[in-house]
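Visitor: curious how this folds, go ahead:
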Amino acid sequence: MATRNEALRYNRDQVYPAAGYNILYTKTAAESTFLLSSDCLVEVDTSALAIPIYLPAEPYTGEQHQVLDNVGNASVKNITVDGQGKLINGAGTALISTNYGSLTVRYNGTSWRIIGKV
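Guide: Predicted structure coming up:
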């Protein structure tokens, strides 16, 4: 098992955490962004645009992502979280439309479930 620093130094997509352990990667998004399975926290800059965030097309069971409005402008410039063909609580997309709002989703093997929303 690689340490977090080793994972950052090497190709992080080739490092898989052991059961019950997650390497937290934070990604900043100011434009349309496709997430990797390793992108656990996504801080979205909504100061200029409404931003679509695309969840991984081939997620693993138990995969989890948190998307948040990092600048407090989502009520004007919404963040759309897209499941890329996998439903999110029965819909194709989920919306963050609250300033400083966030959405946490977890993949259950067939669809994404919202497990936290502010």
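
Visitor: can you pull the buried residues of stretch 46-66?
Guide: By neighbour count on 16 or more other CB atoms under 10 Å, the buried set for stretch 46-66 is T46, A50, I51, P52, I53, L55, P56, P59, E63, Q64, H65, Q66. Heads up, the C-betas are built off the backbone N, CA and C, glycines and all.

Visitor: I'd like to know which of those residues is nearest to W112.
Guide: Top of the list for closeness to W112, among the buried residues of stretch 46-66 and by CB to CB, is L55 at 6.4 Å.

Visitor: so the closest one makes contact with V105?
Guide: Yes. Using CB atoms under 8 Å, L55 is in contact with V105, at 6.9 Å.

Visitor: need the overlap of contacts for these two.
Guide: H65, V81, I88, W112 (CB atoms under 8 Å, 6 or more residues apart in numbering).

Visitor: now the first one, nearest residue through space, not along the chain?
Guide: Here the nearest residue to H65 in space, its sequence neighbours aside, is V105; by CB to CB, 6 or more residues apart in numbering that works out to 5.7 Å.

Visitor: and what of the second one?
Guide: Take V81 and drop its neighbours on the chain: the residue closest to it by CB to CB, 6+ apart is A94, 4.6 Å away.

Visitor: so the one you found touches I88, yeah?
Guide: Yes. Between A94 and I88 a contact is recorded at 4.6 Å, counting by CB under 8 Å.

Visitor: any common contacting residues for these two?
Guide: Shared contacts of A94 and I88 (CB under 8 Å, 6+ apart): V81, V105, I114.

Visitor: got the end-to-end distance for stretch 96-110?
Guide: End-to-end distance for stretch 96-110, by CA to CA, to the nearest Å: 22 Å.

Visitor: go on, stretch 106-115?
Guide: End-to-end span of stretch 106-115 (CA to CA): 7 Å.

Visitor: tell me which residue is most central in this structure.
Guide: H65 (3.8 Å; CA atoms, centre = their mean).

Visitor: distance of that one relative to V76?
Guide: As defined by CB to CB, to the nearest Å, H65 lies at a distance of 23 Å from V76.

Visitor: kindly report the same for V44.
Guide: V44 is 13 Å from V76, by CB to CB.
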